[in-house]
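> Sequence first, then the predicted structure, then my questions.
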Amino acid sequence: MKKLVNILLCALPVLLLLGISCSAREAGRESSTDTADEAAELRVGAERFDRYLPLLEGRRVALFSNHTGMLPDGRHTLDALLDSGVNVTTIFSPEHGFRGTADAGEHVKGGTDPKTGIPIASLYDGSGRREPAPEVMDSFDVLVVDIQDVGLRFYTYYCTMLDLINACASASEPKQVVILDRPNPNGMTVDGPILDMKYQSGVGRLPIPTVHGLTLGELALMARGEGWLRNGVQPDIEVVPCEGYTHSTRYSLPVSPSPNLRTMRAIYLYPSMCYFEATPVSLGRGTDAPFEVYGHPSIAFDSLHVVTFTPESRPGAKTPPRMGEECHGRDLRGLDEDSIIAGGINLEYLIDAYRSVSPEVRARFFTTFFEKLMGRGDIRGMIETGMSPEEIKASWAADVEAFRKQRKPYLLYPDSGSRN
């Protein structure tokens, strides 16, 4: 019989990223190419009031943001704008809502911000409408974007930003877009297959690699410059760049960007772990270690699969996959962050799970969502026929090199050679 060793996931307390770094200025950690002084001088775009407040004077402003739009003094960018006398008439909220507490994919209704009384227009309300209603577009003159992205093609914040930019460019009276840029925590990496646009969806909007290495400001400029916006529109985009940031900066987020990305290790593992969303395997939603463990009830408990966990309903994961089922798998919390970053996308975990589940589960392992996340239609077959992670990774290497050259004109920050 299998000897079960129950390693409780709650043994490692999860530190909220708010506790990891009390301010964005202090959050940039020294890396091999950044000195401590350079890291200490990092300023996000929202701190550079002299650069953007003149653009907003006398204009009606809409703000696209959520709980990540924080300043080092603890104020939300919304409050800072109001304190500066800016006329904010509309708030746009993305997936997870304005307060960032809703589950992944959960429909979030609009409403009114209780603190300020400003209307909130949800862009993730389940209506199927990607862009705001015309009457909402008529309520402002300029759109301000201040939200923390994690630099991945399937993370939906950039998709919502692009929808808003399309709407601003196509409005009867076009709106200027002002992007208060923030560092990309995965900005040192470029890796993964380029999205085949026949798999375009809400988790993939542009022909870019899974890990694109761009900030939101750079990505918006590239989308405009490459003609990727709707009908090739050329919107008025003003990017307020960060200070003291490069693409080799190790930036620890001061606030968790979404409910299940609670640690920097989870953010670094996310490019490799998100594919489990299209399989029957749990990636730890409903536990204390989402995106840092994976498992399934049919995986044998052995020398490799030594963690046991049972997903349960909790805030941010109301109905997690495999809820109430005891899962066996691997614990990745002991991995060194530098090695995770250096490895880029690592399909070892996905392939291990595919080979370790029971034959019955393996026969229906992938859903059609897998192609949307992966961005290509041939990777599933590569896994099923036994190709190694290294062999699969080699299949997109040339595309990554071509993308690096393609994105170069749009870089706002020094790039000393992104890894993959």
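Great, that's in hand. Residues are numbered from 1 along each chain as shown.

> Quick check: mean pLDDT of stretch 251-267?
Averaged across stretch 251-267, pLDDT comes to 94.

> which residues of the chain score low on pLDDT?
1-40, 95-110, 124-129, 416-420 (pLDDT under 70).

> Break it into its domains for me.
9-16+262-399, 22-254 (automatic domain parsing).

> For burial, what's the neighbour tally of the nearest residue to residue 347 once chain neighbours are set aside?
In space, and not counting its chain neighbours, residue 347 is closest to residue 389: 4.2 Å by C-beta to C-beta, 6 or more residues apart in numbering. C-beta here means a position set from N, CA and C on the backbone, and glycine is covered the same way. For residue 389, the neighbour count with other C-beta atoms under 10 Å is 19.

> what's residue 389 in contact with, if anything?
346, 347, 348, 351 (C-beta atoms under 8 Å, 6 or more residues apart in numbering).

> shouldn't the second one be in contact with residue 393?
Yes. In this structure, residue 347 is within contact of residue 393 by C-beta atoms under 8 Å, at 7.1 Å.

> How much space separates the residue lying closest to residue 312 once chain neighbours are set aside from residue 399?
Sequence neighbours aside, residue 286 is the residue nearest to residue 312 in space, at 5.1 Å (criterion: C-beta to C-beta, 6+ apart). Using C-beta to C-beta, to the nearest Å, residue 286 is found at 35 Å from residue 399.

> more crowded one of these two?
Between residue 286 and residue 399, counted using other C-beta under 10 Å, residue 286 has the larger neighbour count: 23 against 15.

> Pretty sure that one sits against residue 324.
No. Using C-beta under 8 Å, residue 286 is not in contact with residue 324; the gap is 9.2 Å.

> Mind listing the shared neighbours of those two?
311, 312.

> beta partners of residue 176?
Taking DSSP bridges as the rule, residue 176 bridges to residue 142.

> I figured it hits residue 238, correct?
Yes. Counting by C-beta under 8 Å, residue 176 touches residue 238, with 6.6 Å between them.

> Name all residues that sit in contact with these two at the same time.
residue 55.

> The closest residue to residue 154 other than its chain neighbours: neighbour count?
Residue nearest to residue 154 in three dimensions, not counting chain neighbours: residue 203, with 4.1 Å by C-beta to C-beta, 6+ apart. Applying other C-beta under 10 Å, we find 21 other residues in the vicinity of residue 203.

> Equivalent analysis for the one 3 residues further on, please.
Residues within reach of residue 206, counting by other C-beta under 10 Å, total 20.

> which residues of the stretch 301-420 of the chain fall in helices?
337-343, 348-356, 359-362, 369-374, 379-384, 389-394, 397-407 (DSSP state H, counting those that start in this stretch).

> Can you redo those helices as CSV, where the extra columns are distance to residue 310?
As requested, these are exported to CSV (distance: least, C-beta to C-beta, whole Å):
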stretch, distance to residue 310
helix 337-343, 26
helix 348-356, 17
helix 359-362, 18
helix 369-374, 24
helix 379-384, 27
helix 389-394, 28
helix 397-407, 38
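
> out of the ones you listed, which comes closest to residue 190?
helix 397-407 (5.7 Å; C-beta to C-beta).

> How far does the closest one sit from its chain's centre?
21 Å (C-alpha atoms, centre = their mean, to the nearest Å).

> For that helix, buried residues please.
400, 403, 404, 407 (16 or more other C-beta atoms under 10 Å).

> Would you check how far apart residue 349 and residue 273 are?
Residue 349 is 7 Å from residue 273, by C-beta to C-beta.

> ugh, typo on my part, it should be residue 218
For residue 218, the distance to residue 273 - C-beta to C-beta - is 25 Å.

> How about residue 370?
13 Å.

> Compare those two (neighbour count), which wins?
residue 273 (23 against 20).

> What strand or helix carries the more buried one?
Assigned by DSSP states H and E, residue 273 belongs to helix 264-273.

> I'd like the next helix or strand past that helix.
Following helix 264-273 toward the C-terminus (DSSP H and E): strand 293-296.

> Could I get the buried residue list for that following strand?
293, 294, 295, 296.

> how about the nearest residue to residue 155, chain neighbours excluded?
residue 149 (6.2 Å).

> what about the one you found, which helix or strand?
Short version, using DSSP H and E: residue 149 is in no helix or strand.

> OK, contacts around it?
Contacts of residue 149 by C-beta under 8 Å, 6+ apart are 155, 157, 158, 182, 184, 215, 216, 257.

> can you redo those residues as JSON lines with neighbour count and secondary structure?
Formatted as JSON lines, these follow (neighbours: other C-beta atoms under 10 Å; DSSP: H, G, I helix; E, B strand; the rest coil):
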{"residue": "155", "neighbour count": "20", "secondary structure": "coil"}
{"residue": "157", "neighbour count": "22", "secondary structure": "helix"}
{"residue": "158", "neighbour count": "27", "secondary structure": "helix"}
{"residue": "182", "neighbour count": "25", "secondary structure": "coil"}
{"residue": "184", "neighbour count": "28", "secondary structure": "coil"}
{"residue": "215", "neighbour count": "28", "secondary structure": "coil"}
{"residue": "216", "neighbour count": "24", "secondary structure": "helix"}
{"residue": "257", "neighbour count": "24", "secondary structure": "coil"}
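
> Pick out whichever of these sits closest to residue 358.
Checking the contacts of residue 149 one by one against residue 358 (C-beta to C-beta), the nearest turns out to be residue 155, at 31.7 Å.

> separation between residue 67 and residue 156?
15 Å.

> Next, residue 250: phi, psi?
The phi and psi values for residue 250, taken as degrees, to the nearest 10, are phi -90, psi 100.
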